[in-house]
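Q: sharing a model that was predicted from the sequence below.
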Amino acid sequence: MAVQIITKNSATAGSVPAADALVQGELAINVKDRKLFSKDADGSVFELSGSQTGTNTLQQVTDAGNTTTNDIDINGKIELKASDGSITTAGKIQASNTASGHTFETRTTGSTVAKAFIKGDGSATFAINGSQEVRLGVTDAINVMNNSGVKAVTADYDGNFIAGVSRFKVNTHTDSGNSGSSVDIRRDSDDYVFKIFNGGYANTNLSFFVKGDGSTVAAGDVKIGGTTSTPNVELKSDGSAEFSGSVSIGGTTNANTIDVYEEGSWTADAVDNNNEPQTAFSTSKAKYIRFGDILTCYVQIDYDTTGSINTSTFKFSLPFPQGAKGSGIFVPTADVNAEVIQGYGTASYIRCSIPSDVTSGSASYRGSVTYQLS
């Protein structure tokens, strides 16, 4: 009759014989896990190397709580690195939907609250500090929540960007102070909707602002086009304006365009009708204003009967003599009812009449001439 030798055994997965269940060198086998055990001289139970045979599942390897310090490579597609805890995969990572609806989440050690998670609908939430969160695709494209859980910044799917209380602010300052400037876009108690501060976010010096009614104020000069030193248009803080080109009013045709504006003075030389010097008439206080091709000249004419003139008229020169066409009247300063001096433009001069009611002494006349350049 054949003799059967049966070692101590167990059919329970993960079962390891206790030390007091074996004597030194005695064998015990777990037939479920296909593992062979024995006891050494120190009284410790150990697994015999190479005791597993056949194909073992990963479950069978880990049921006993076995660990490894080696990297695990799964068919060259997935690598689990024991050295740094990283996972490298050649394919996608897919997580199942949990009870909270999260398909992927991260937590800090020992915490039961997810710090970041992705839901099955593709939305994502990142917890920053307390109730401060950044949410992507939850109700809007982007939501940034403040400590009270209220939306501080929102970007919706229509492309609208809304900063808390309709505010968008950018500060440029040093870490050690408030030097620099800031831009603030919001509607505040002063009805400002766009503000630029000079001196940082803690400074109240407004350098530029736009109000809700559309009015705009700049504390400094406004320069348009050209260069900083020579702009095409400059609106100055003192109320003046400079234009390097023409200005059109009420239209863009030549009739609506002012291409020249100039103010100045000139020497109005008085001569007789033959362009000869004479001593009866002289001029002073000669000033002009020019709009385009239209000029208005202001002149004082002084008449001294002791002087000599060889013609029945006299004339004086103009500041812009290109074919002057116009006329003017000069009224005596001593008696507005006395005879006036009349003049008209001819070439580069204004030809004037000689008053007949002044037969002795002297008289002064003031007036203007308006003429057009041809």
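A: Arrived safely, thanks for sending. Given the structure is predicted, the values throughout are model-derived calculations rather than measurements.
Q: per-domain residue ranges of this structure.
A: Annotated domains of the chain cover 8-62, 102-166, 168-214, 263-372 [automatic domain parsing].
Q: between those, which has the poorest mean confidence score?
A: When those are ranked by mean pLDDT, domain 168-214 comes last with a mean of 59.
Q: quick check: I72 touching E79?
A: Yes: under the criterion of C-beta atoms under 8 Å, I72 makes contact with E79 at 7.1 Å. In short, each C-beta sits where N, CA and C put it, glycine included.
Q: only alpha carbons, please: show stretch 281-301 as CSV.
A: This file holds the C-alpha atoms of stretch 281-301, laid out as CSV (Å, rounded to 0.1, in the frame of the first residue of the first chain):
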residue,chain,number,x,y,z
PHE,A,281,1.3,159.0,-44.3
SER,A,282,2.8,156.3,-42.1
THR,A,283,1.5,153.1,-40.5
SER,A,284,1.8,151.4,-37.1
LYS,A,285,0.3,148.6,-35.0
ALA,A,286,0.1,146.3,-38.1
LYS,A,287,-1.2,142.8,-37.2
TYR,A,288,-3.0,140.1,-39.1
ILE,A,289,-5.0,136.9,-38.6
ARG,A,290,-5.0,134.3,-41.4
PHE,A,291,-7.6,131.5,-41.9
GLY,A,292,-6.6,129.5,-45.0
ASP,A,293,-6.6,132.0,-47.8
ILE,A,294,-8.6,134.7,-46.0
LEU,A,295,-6.7,137.4,-44.1
THR,A,296,-7.9,140.2,-41.9
CYS,A,297,-5.3,143.0,-41.3
TYR,A,298,-5.5,145.6,-38.5
VAL,A,299,-3.6,148.9,-39.2
GLN,A,300,-3.3,152.4,-37.7
ILE,A,301,-2.7,155.1,-40.4
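Q: what comes up buried for it?
A: F281, S282, T283, A286, Y288, R290, L295, C297, V299, Q300, I301 (16 or more other C-beta atoms under 10 Å).
Q: what's next to it, contact-wise?
A: For stretch 281-301, the surrounding residues in contact (C-beta atoms under 8 Å, 6 or more residues apart in numbering) are 257-270, 302-304, 307, 309, 314, 316, 318-320, 326, 328, 330, 341, 350, 352, 364-373.
Q: put the buried members of those into a PyMOL selection.
A: Selecting the buried subset of the contacts of stretch 281-301 in PyMOL, with 16+ other C-beta under 10 Å as the burial test, is done by:
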select buried, resi 268+270+302+303+309+314+316+318+319+320+326+328+330+341+350+352+365+367+369+371+373
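Q: which of the contacts of stretch 281-301 fall in strands?
A: Among the contacts of stretch 281-301, the residues falling in strands (DSSP state E) are 257-258, 261-265, 270, 302-304, 314, 316, 326, 328, 330, 341, 350, 352, 364-372.
Q: sorry, back to before: and of the buried residues of stretch 281-301, the nearest to I87?
A: R290 (82.9 Å; C-beta to C-beta).
Q: bridging residues for that closest one?
A: E262, L295 (DSSP bridges).
Q: can you give me the angle the helix or strand that contains V299 makes with strand 313-317?
A: Assigned by DSSP states H and E, V299 belongs to strand 294-304. Strand 294-304 runs at 130 degrees relative to strand 313-317, counting by axes from the mean of the first three to the mean of the last three C-alpha atoms, to 10 degrees.
Q: sounds good, over and out.
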